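> starting from these lines, generate the structure:
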Amino acid sequence: MSTNNHQLDHIAISVKSHMLLRQLLHENPILEEIMRNGRNETEVLVGVRNWVLDEIKKHPDAYQFYKREAHGREAFEKLSWKDFAAIRILDYIDNAGREFEDLNLRGEMAISNPIHLIWLAVSKGTGGAKPFFFKDMLMLFKQFRGEYKRSIPTKEQVEEWMARWCSGRDPRIVKLREENKDRILKIIIRLIDSGEVNDSRFYFAEGLSKEQKYLHALDWWDNHLFHLRFAVRSPDLLNEMLDNSLDPDTMKVLYDAASKGIPFFVNPYYLSLMHVRVPYFAVGADLAIRHYVIYSQKLIDEYGKIVAWEKEDTVKPGEPNAAGWFLPSEHNIHRRYPEVAILIPDTMGRACGGLCASCQRMYDFQRGNLNFNLDKLKPKQTWDEKLDNLLQYFEKDSQLRDILITGGDALMSSDKSLKKILDRVYQMALNKVEANKNRVNGEKYAHILRIRLGSRLPVYLPQRITPELVSILGDFKKKASEIGVKQFFMQTHFESPMEVTPEAHRAIKLLNSAGWTVTNQHVFTTAASRRGHAAKLRKVLNEIGVINYYTFSVKGYMENSFNFATNERAVQEQMEEKVIGKIPKEYYPVIKEFPNNADAIEEEMAKLMKESGLPFLGTDRNVLNLPGVGKSLTFRTIGITRYGRRILEFELDHTRNHSPAMQQMSKVIIIESKSISEYQRQMQDLGEEFEDYESIWGYSIGETEQRIPIYDYPDYDYQLTQDFTNL
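Numbering: from 1, shown residues only. As a prediction, the model looks like this:
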């Protein structure tokens, strides 16, 4: 046991903890008897274990799941609410005394031994466990006794929650944003007139009237370069753009962020989506947007000490990454799975159209690898040669069939740069096809089936989706289809129904017209995790022809704790809200055809929802992107800290392929950055009634959902080699 944890064992618990402990013992006489009669920790652990084992053995399905003799979605769905509790108590005991590195606390060691902490509190009044810990224990044993029951909300209740959240296409919201645009443009005109901003593209000729300047600026609004040029980089300008509506506490946080060196970059269009004059019919509706723009105190406190979440971010040259893959460049190619790798170009595509407060790459901003000095990010002369070398990695690999071009943001690249990248990707794909002609069946390599571009600009800056860009994408899709590429996806990040604006809708229509299917990866932040919010987002996205792909729990450690919605909430959302959009299997063949008819996808989705009676198509999977090993929501809660923060043990997603090296990996441990109690308080601060979330305490097990066939790779008409390269 570490010295620090040993010292904590001797710290007295608080009055509040004593009160919760007294309630826990009063409600559980058997537990109290075990605690008071146990002479030491071992006797107590054995006593509780035998008590719970006697109960769980009455339920063979639960006992098999606990023993890991049964697993998977089918076995998970057989568990009762009481079974969840019994398995968690037994997992706590089986893992008692284990030490875990807590990267939320900058690498301090955390020891999980909750039964020991209860015994210390009972016998000595010590152990240092906080009220958040005892509240979790109280709810756990209520669940085990069968007194804390799960009440699944009705479809009508979920739709009532959904109705609270406005879409950005609501005419009332559109009108408010026109007011915001008018104010922001007048401020930009002042900046130009005063000489504070000089630009060779966006300037006013001598002698223009006030009205003429405004009309010029109004035209500029439709130009994405205008928004990048006039992106807000300081707290004072942000406040001015928001009509000086930010309170002093928020401004202090922003000033502290600036002094810490945290980059600040928000474009005018995206700022226009935030409320200044809060409408009675949409109170709090813009919070998911606001929390993307406004930094938290936790982020500021941790900045400079942030630890990389993604193991790819710390790959050493010449050594395999966490999934066992050798890479030609640790900065330009990321890879986890056999079939797909990420290409990050050395172009403006390394930048973004804005910095999200919960960005998974904040570690790279901290060490200076990422920034918003856009001039320095323009491609160097050596990029052409480097690009060819990087794409040879895909060409010579036996299993790669899917390339995701991202960054940063793929659409931050200029049209010229993006066309060059796509042309080289086309040549690489053609080379794979030609090389296969000389290989016999069973030795043939996977050729490219899927091309993806990762971009938040359809959301952050939809003006970037121009006819010229669409022409490049359409031409590429046409010629790549002729050599066997089957799927063309634009992956974006809509975070809130309020981001689904008329401008975003036009951008999606243009992308669909080029034959590209738009899919959404939703980051499940605290504000976005409010009841019905994710469900409403799915609905409004389906209405504009976007397919929901993933709902991600927030990555990162304590720096992201403000925006972190616990994994328990992700399971609750999956089981209680998304379920109203569960797609009957009879519709799978119809959905699978959507990408083959992208220019009609909006109409086809509307037709299917009408026919099926579904409010939205639940095609996404709720997951956490685990450090270095892929996406999963398959976990068991095996521990809890004195502070009430749960310790989850994740397994790989067993529904998809992994590299052989991954089979040797131990399970992945995640210590959550906030307790359920802290999440509860935060939701109440956001105006939520926590009674609506009451079942969250009991979701201590997760199981990854099956993939919808729309995301399956098309079959080859030849036999693929079983050999791996670059491994």
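
> poorly predicted segments of the stretch 551-700 of the chain, please.
628 (pLDDT under 70).

> do that again at 50, thanks
For the stretch 551-700 of the chain, applying pLDDT under 50 flags no range at all.

> what of the chain?
By pLDDT under 50, the chain contains no weakly predicted segment.

> can I see the domain layout of it?
For the chain, automatic domain parsing gives the domain ranges 1-149+634-703, 171-302, 329-617+704-711.

> ranking the ones you listed by burial, who's on top?
Of all those, domain 329-617+704-711 carries the top mean neighbour count, a mean of 20, counting by mean count of other Cβ atoms under 10 Å. C-beta: built from backbone N, CA, C; applies to glycine.

> who's N548 bridged to?
N520 (DSSP bridges).

> including distance to W161, could the domains of the chain go into a markdown table?
Below are these laid out as a markdown table (distance: least, Cβ to Cβ, whole Å):
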| stretch | distance to W161 |
| --- | --- |
| domain 1-149+634-703 | 8 |
| domain 171-302 | 13 |
| domain 329-617+704-711 | 3 |
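
> is it true that Q491 touches G454?
Yes: using Cβ atoms under 8 Å, Q491 is in contact with G454, at 4.8 Å.

> quick one: common contacting residues for the two?
Shared contacts of Q491 and G454 (Cβ atoms under 8 Å, 6 or more residues apart in numbering): L404, T406.

> picking that back up, among the domains of the chain, which comes closest to A308?
The closest of the domains of the chain to A308 is domain 329-617+704-711. By Cβ to Cβ, the value is 4.5 Å.

> now the helix or strand containing D136: how far from the chain's centre is it?
Here D136 is covered by helix 131-145, with elements defined by DSSP states H and E. Relative to the mean C-alpha coordinate of its chain, helix 131-145 is positioned 29 Å out (Cα atoms, centre = their mean, to the nearest Å).

> go on, stretch 629-639?
15 Å.

> span of it from start to end?
End-to-end span of stretch 629-639 (Cα to Cα, to the nearest Å): 21 Å.

> same question for stretch 472-491.
In stretch 472-491, first residue to last residue: 17 Å (Cα to Cα).

> what sits up against the helix holding D136?
14, 16-17, 20-21, 23-24, 27-28, 31, 52, 55, 81-82, 84-86, 88-89, 114, 117-118, 121, 148, 640-646, 675-678, 697-698.

> name the SS class of the residue of the chain positioned farthest from its centre, please.
Distance from the C-alpha centroid of the chain, by Cα atoms, centre = their mean, peaks at G207 (50.0 Å). Of the three states, G207 takes coil under DSSP: H, G, I helix; E, B strand; the rest coil.

> cool, and F489?
Under three-state DSSP, F489 falls in the strand class.

> any idea what the closest residue to it other than its chain neighbours is bridged to?
Nearest residue to F489 in three dimensions, chain neighbours excluded: R452, at 4.5 Å (Cβ to Cβ, 6 or more residues apart in numbering). When bridges are called by DSSP bridges, R452 pairs up with L404, F489.

> can you pull the contacts of S513?
Going by Cβ under 8 Å, 6+ apart, S513 touches V470, G474, D599.

> I'd assumed K509 was in contact with the first one.
No: using Cβ under 8 Å, V470 is not in contact with K509, being 9.8 Å away.

> helices of the stretch 251-400 of the chain, start to end?
Here the stretch 251-400 of the chain has its helices, by DSSP state H, counting those that start in this stretch, at 268-271, 287-293, 297-302, 362-366, 383-395.

> can you say which of the ones you listed is nearest to S632?
Ranking those by proximity to S632 (Cβ to Cβ) places helix 362-366 first, at 21.4 Å.

> what does that closest one contact?
Looking at what lies outside helix 362-366 - Cβ under 8 Å, 6+ apart - the contacts are 262-263, 299, 303-304, 306-310, 313, 355, 359, 370-371, 556, 559-560.

> just stretch 32-47 next, same as before
By Cβ under 8 Å, 6+ apart, stretch 32-47 touches 25-26, 48, 51, 93, 96, 113, 115-116, 118-119, 122-123.

> so what's D599 up against?
By Cβ under 8 Å, 6+ apart, the contact list for D599 reads N512, S513, G515.

> ok, back up a step: ok, so what distance separates the residue nearest to F489 from S245?
Distance, R452 to S245, using Cβ to Cβ, to the nearest Å: 38 Å.

> again, but for D219
D219 sits 27 Å away from S245, going by Cβ to Cβ.

> with C166 instead?
Counting by Cβ to Cβ, the gap from C166 to S245 is 19 Å.

> do the same with E196
According to Cβ to Cβ, E196 and S245 sit 22 Å apart.

> cool, and L457?
For L457, the distance to S245 (Cβ to Cβ) stands at 26 Å.

> what about the closest residue to V283 other than its chain neighbours, helix or strand, and which?
Sequence neighbours aside, G687 is the residue nearest to V283 in space, at 7.3 Å (criterion: Cβ to Cβ, 6+ apart). Assessed by DSSP H and E, G687 sits outside every helix and strand.
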